[in-house]
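**Q** task: produce atomic coordinates for the following.
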Amino acid sequence: MLYFYNMSRRDKQGAVFKALADDRRREILDLLRDGPLTTGDICLRFRKLDRCTVMQHLGVLEGAGLVIAKREGRVRWNYLNVVPVQEIYDRWISRFARPSVELLGRLKRDLEE
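**A** Reported below is the predicted structural model:
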């Protein structure tokens, strides 16, 4: 995880986009949205994948800063970190969505008149 914090903003966002590009990693993030899960719990949700593959996906997510892992004895808890997603939203999505929302608002007003 320290690696993520030493990356430039551009590299961080590239790592986030790369992590989000895979369906299974997005599914893992969806699972973690409801609360932290152990690695074992996540593995149980992906019966077609072996534990090593799930760990690789978690490693990509952790490397992108989307997952924070904490060890409690032999158990590894995985927590969703939404900060990188918010940064992507702030930089990319909100900037492009704003003109569309304004256009729809004008269209609605024009149609109502």
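
**Q** switch to C-alpha atoms for all contacts and neighbour counts from now on
**A** OK.

**Q** what about stretch 100-113, average pLDDT?
**A** For stretch 100-113, mean pLDDT is 79.

**Q** tell me the buried residues in stretch 75-84?
**A** Across stretch 75-84, burial judged by 16 or more other C-alpha atoms under 10 Å covers 77-81, 84.

**Q** can you report phi and psi for the nearest residue to L29 once chain neighbours are set aside?
**A** Distances taken as C-alpha to C-alpha, 6 or more residues apart in numbering place L80 nearest to L29, at 6.6 Å, with adjacent residues excluded. With angles defined as degrees, to the nearest 10, L80 sits at phi -80, psi 130.

**Q** could you do the one 4 residues further on as well?
**A** Main-chain torsions, P84, degrees, to the nearest 10: phi -60, psi -30.

**Q** residues contacting the spatially most central residue of the chain?
**A** By C-alpha atoms, centre = their mean, the chain has its centre lying nearest to L66, at 4.8 Å. L66 is in contact with 16, 80-85, counting by C-alpha atoms under 8 Å, 6 or more residues apart in numbering.

**Q** most widely separated two among those residues?
**A** V16 and L80 (13.0 Å; C-alpha to C-alpha).

**Q** re earlier: distance to A97 and pLDDT added to the buried residues of stretch 75-84, as CSV?
**A** Output for these, formatted as CSV (distance: C-alpha to C-alpha, whole Å; pLDDT from 0 to 100):
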residue, distance to A97, pLDDT
W77, 35, 98
N78, 31, 98
Y79, 29, 98
L80, 25, 98
N81, 23, 97
P84, 18, 94
